[in-house]
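Chemist: fold the stuff below for me.
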Amino acid sequence: MNVNPFICGAACAAILGVAGCTQTVETSDGRPMPPEPRAAPTTPDQARVNAIAVVLGAKPADTNGNLRPDLIQMQVFLFSRPYPSPIWREGTLDVRIYRSGDAGDPRSPGPNPLRTWNVTPQVMETLRTRSLVGDGYAISLSLLDDGQTDALGVSAVDFMVRFLPTDGGEAVPMAEVRPISLASPVMSPGR
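Modeler: Take a look at the predicted model:
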């Protein structure tokens, strides 16, 4: 059998070339690199809000120095599931606080709130924000609005928010009633 040395050499070089040219890319701790980033699905403009997430500040602030908290700060994110990104939509936020245990269910709020706020579509437009979570609303609600007082006679309240779409669609409540502490800080003697 006659074997052409040129063909034999080319075949060996091809086999060695393929075997010797593999390259793996790893992170410094030896794990493989993550996949390339991709854009999240875009929520269609006609998609209706069907979920709401509310992120409350750590504790209401005392803005008038009387040792009673009076300013509730929060971020509100509206969603149209199954789309993962929060969206801005036209509507009103119905915010209520109740004595602990009196709030009822978010889908059917109790009859006697201690305070209510209606954040209108015009105001909501001015409160739009964009954060790491996505599009949302940064809102501060004062117990002192309209000449009211921050002396509620309670150390905690139940809090709920509902989104009421401008087009008359169904109200979208937050998933559950949330407690908020309104306890005053303890004063040390001599202060």
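
Chemist: which residue ranges form the helices in this structure?
Modeler: Assigned by DSSP state H, the chain shows helices spanning 5-20, 121-126.

Chemist: run through who's touching the shortest one.
Modeler: In other words, helix 121-126. Contacting residues not belonging to helix 121-126 are listed as Glu90, Gly91, Thr92, Leu93, Tyr137, Thr166 [C-beta atoms under 8 Å, 6 or more residues apart in numbering]. C-beta: built from backbone N, CA, C; applies to glycine.

Chemist: just to revisit the earlier point, lowest average confidence across the helices of the chain, which one?
Modeler: Lowest mean pLDDT within the helices of the chain: helix 5-20, at a mean of 57.

Chemist: so, low pLDDT: which residues of this protein?
Modeler: Low-confidence segments of the chain (pLDDT under 70): 1-24, 185-191.

Chemist: switch to 90 and redo it
Modeler: Residue ranges of the chain with pLDDT under 90: 1-35, 37-42, 45, 58, 104-110, 146, 151, 153, 167-169, 183-191.

Chemist: I figured Gly136 hits Pro86, correct?
Modeler: Yes: Gly136 is in contact with Pro86 according to C-beta atoms under 8 Å; the separation is 5.5 Å.

Chemist: shared neighbours, these two?
Modeler: Phe77, Leu78.

Chemist: of all the contacts of helix 121-126, which two lie farthest apart?
Modeler: Tyr137 and Thr166 (14.6 Å; C-beta to C-beta).

Chemist: the two: which is more packed in?
Modeler: Higher neighbour count among Tyr137 and Thr166: Tyr137, with 22 against 12, using other C-beta atoms under 10 Å.

Chemist: many thanks, have a good one.
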